[in-house]
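Engineer: sequence first, predicted coordinates after that:
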Amino acid sequence: MNMKLHTSQTYSRASVLNTKERKSSLSYLTGFVVSLLVLFYSAHSFASQAIATVSKNNVAVNEVFQLMISIDKRVDANNLDLSVLESDFNMGRPSVSSYQSSINGKTQIQTQWTLPLAATKEGTIIIPSFRIEGSDTQPIALTVSQNTVKQDSSDFIELTGDLSKARLYEGESATFDLKLLIKADPRRLQSPSLLPPQGSGLNIVAKGEANQYQTVVQGIQATVLEQTFVVTPNTTGDLLLEGARFEATLIQSQGRYNANVMIPLKQSSGVEKITVLPKPASYQGTWLPTPDLSLGQVWHQDNGQLASTNVVAGEPITRTLVLKVKGIPQERLPNLVINYPDSVRVYDEKPTYGEDKQGNTVMTIQQVIIPRSTGSITLPEVKINWWNSQLEKQEVATASALTLTVSPAEQANPILAQASEPAAANAPAQVEVRVEKDAGYWPYVALFFALCWLATLAVLWRVSKKQNQPDTTSTPSHVVSNHKSALISSLEKQHAIEAQHHFNVWLQQFNGQIDSELKKELQEQMTLFMATQYASQPQEWQPETLIKLINHAEKHNTKTTVSGSALEKVTP
């Protein structure tokens, strides 16, 4: 009996132990599962989520709707690739925003893309999934219906191009006039792009600035853009000129509910064929192909047209040549070389270029010609060979010659004699170097001035013996003053020929009543001025010294005139 009881008690104790062990194992398993769930939930809660939505999923063709894509973290805007939409949609400019907020101590960060879209075809179109920072958005299905209002690019834009000439010669240019007409509000255009004309074997350069203005076309306010291009072939043969192209997207409101519609605008001005002919083998001279060329000239003297061919030695004559060429740029115009006789000295001014109202390139050349000897002098004609590309033949443009009858000057012109050598040979700086090493021509000049001074003394002696000549002493003062103003103005503007003319006249008005040393200084300064203006490498020159000498000379002349008048009044 006792033994049985002991066995029963042992069995009961073992059962209790097994029960405890099972409870302990179940508790451990439950804790492990709970831990896994917590870890999974925590990982899921900390993962970034990307979401894609649309403003509407039932749209018409070209109707604008908004696609919004967001992720709950701050990311770079370039991390989203939108190129997958290009095949089915017209896209506007995306906008990207990133913001951070805090609610009940919990911080939220979000980055969002907003993109205007317009479907290009009807049916069911799928907006695909986008992957951002390891998170994927859900695809979105759109139902696209046919748009009942059909509109074309030509309803809003017109792009035209006009080629001035399709048959050119090698080296000849044509113009291409481009005109863009926009019959809509330019502010509603997105990503407008105007591509210029282009073509293989063609050099195309925009001419000047584009002209933009507003106008009215059939009652519609329109914007006009005009631009001219210069087209120059680089080779011969048949070439293709691809016209300009315009591309943009127009946001337009239409329909009962004024829904925004995105209308793609694309238009080209077309393709032009250009035939380029080579230079004819029979042509002689500088190659100058153009449909129109003219050469004109005008002769001037003393700021007016040359009235007579009878001139005086030492007095300057200005020859103005005007060359007008169509379809040839400035850099391709010829250099005019004219062989003048040794009996004249010629000063060439730099050519000036411009353009007339007809679009012709205009080159103007001025030459100052000074006769050095008396008798009959013929100034040669000017000839320019050119190829008439319209008539397809060689022609010659001519500016006629001029024959002058040159008489001796009443008074020698020392300025021309002194200015000729420095102007034709060396710059003023080189003249100074020669003075240091060798006296050069200055002793002869000094001798000349000494002779002039002796001649002046003789004239003064003869004048002092004359009686009752009040008019010769009172009149020149006003004349000298007038020429002095013109002379100073010419010097300040550095107009060499005008200054030389006024200097000669101004100096002659003194009738020899000027100090010889002062006159020598005046002439030396004038010689230096002329040399700086007509040297091979012109240098800067300041007129202050010469103007001071001029003022001093006139002041001295005024005193002499007044003194002479007073003496004459008391002469019996």
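Structural biologist: That came through fine. Bear in mind the structure is a predicted one, so any value in this text is a computation, not a measurement.
Engineer: residues touching the closest residue to residue 361 other than its chain neighbours, list them.
Structural biologist: Distances taken as C-beta to C-beta, 6 or more residues apart in numbering place residue 325 nearest to residue 361, at 5.1 Å, with adjacent residues excluded. Where C-beta positions appear, they are placed from N, C-alpha and C, glycine not excepted. Each residue near residue 325 by C-beta atoms under 8 Å, 6 or more residues apart in numbering is listed here: 288, 290, 292, 293, 333, 360, 361, 363, 386.
Engineer: will you turn these into a markdown table that also has neighbour count and distance to residue 406?
Structural biologist: Below are the contacts of residue 325 laid out as a markdown table (neighbours: other C-beta atoms under 10 Å; distance: C-beta to C-beta, whole Å):
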| residue | neighbour count | distance to residue 406 |
| --- | --- | --- |
| 288 | 23 | 35 |
| 290 | 22 | 38 |
| 292 | 14 | 37 |
| 293 | 22 | 33 |
| 333 | 18 | 33 |
| 360 | 18 | 36 |
| 361 | 21 | 36 |
| 363 | 20 | 30 |
| 386 | 23 | 34 |
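Engineer: state the distance from residue 544 to residue 497.
Structural biologist: Taking C-beta to C-beta, to the nearest Å as the measure, residue 544 and residue 497 are separated by 21 Å.
Engineer: same check, this time on residue 222
Structural biologist: Taken as C-beta to C-beta, the span from residue 222 to residue 497 is 53 Å.
Engineer: for the two, indicate the residue with more neighbours.
Structural biologist: Of the pair residue 222 and residue 497, residue 497 is the one with more neighbours under other C-beta atoms under 10 Å, namely 22 against 18.
Engineer: in whichever helix or strand that one is part of, what counts as buried?
Structural biologist: Assigning secondary structure by DSSP states H and E places residue 497 in helix 496-508. Across helix 496-508, burial judged by 16 or more other C-beta atoms under 10 Å covers 496, 497, 498, 499, 500, 501, 502, 503, 504, 505, 506, 507.
Engineer: can you map out the helices along the stretch 351-500 of the chain?
Structural biologist: Per DSSP state H, counting those that start in this stretch, the stretch 351-500 of the chain carries helices over the ranges 414-424, 428-437, 442-465, 471-474, 476-493, 496-508.
Engineer: worst average pLDDT in these?
Structural biologist: With a mean of 35, helix 428-437 has the lowest mean pLDDT of those.
Engineer: report whether residue 282 is found in a helix, as I expect.
Structural biologist: No - the assignment for residue 282, made by DSSP: H, G, I helix; E, B strand; the rest coil, is coil rather than a helix.
Engineer: what's the local residue count around it?
Structural biologist: 7.
Engineer: nearest spatial neighbour of it, skipping sequence neighbours?
Structural biologist: Nearest to residue 282 is residue 394, by C-beta to C-beta, 6+ apart, at 7.6 Å.
Engineer: and for that neighbour, the neighbour number?
Structural biologist: The number of residues packed near residue 394 is 15, by other C-beta under 10 Å.
Engineer: tell me what it is bridged to.
Structural biologist: Judged by DSSP bridges, the bridge partners of residue 394 are residue 387.
Engineer: make sure it is actually in contact with residue 281.
Structural biologist: No - here residue 394 lies out of contact with residue 281, judged by C-beta atoms under 8 Å, at a distance of 11.7 Å.
Engineer: low-scoring stretches of the stretch 201-350 of the chain, by residue?
Structural biologist: 254-259, 303 (pLDDT under 70).
Engineer: now the strands: where do they sit in it?
Structural biologist: Taking DSSP state E, counting those that start in this stretch, the strands of the stretch 201-350 of the chain run over residues 202-217, 220-233, 237-242, 245-254, 259-268, 271-277, 289-290, 293-301, 304-305, 310-312, 317-325, 344-348.
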